[in-house]
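Novice: Starting from these lines, generate the structure:
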Amino acid sequence: MPFKKVNVKEEINKRLESDIELKKAYDCAQREYEVLKQLVKMRNEMGLSQSDVARKSGLTQQMVSRIETVGNSPTLRNFIKYVDSLGLEIKIEKKNNNMECSKV
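Specialist: Below is the predicted model of the structure:
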């Protein structure tokens, strides 16, 4: 029996359009992914390895790796150490939408 060719992106988009809860969970995960992607990109642009960040921040290289991995939840203290070691600043701004990831 041959396999049926499936457009995965199209299938995902169909399910996201038809399932509001799935869409909320996807959007929340996407936000987390984008933050981490930006942090890793900035670290790489600075020419820093995870080990460099570990030395500068006082974290272990394994902790830096976990911070940069979607699905992990570092402590706020460790996240701030990580951000500080990159010479970055965290700013909090009011959202323009009503998306609530805390309820997903």
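Novice: Report the buried residues of the helix or strand hosting Asn78.
Specialist: Here Asn78 sits within helix 76-85, counting by DSSP states H and E. Neighbour-count burial for helix 76-85, counted by 16 or more other C-beta atoms under 10 Å, picks out Asn78, Lys81, Tyr82, Val83, Ser85. C-beta coordinates here come from the backbone N, C-alpha and C atoms, glycine included.
Novice: can you tell me which residues contact Leu39?
Specialist: Glu68, Tyr82, Val83, Leu86, Leu88 (C-beta atoms under 8 Å, 6 or more residues apart in numbering).
Novice: Could you report the distance from the spatially closest residue to the first one that is not a sequence neighbour to Glu100?
Specialist: For Glu68, the nearest residue in space outside its immediate sequence neighbours is Val40; the separation is 5.4 Å by C-beta to C-beta, 6 or more residues apart in numbering. With the distance defined as C-beta to C-beta, to the nearest Å, Val40 ends up 26 Å from Glu100.
Novice: Downstream of the helix or strand hosting the residue nearest to Glu68, the next helix or strand is which one?
Specialist: Using DSSP H and E, Val40 maps to helix 20-45. Using DSSP H and E, the helix or strand that directly follows helix 20-45 along the chain is helix 50-57.
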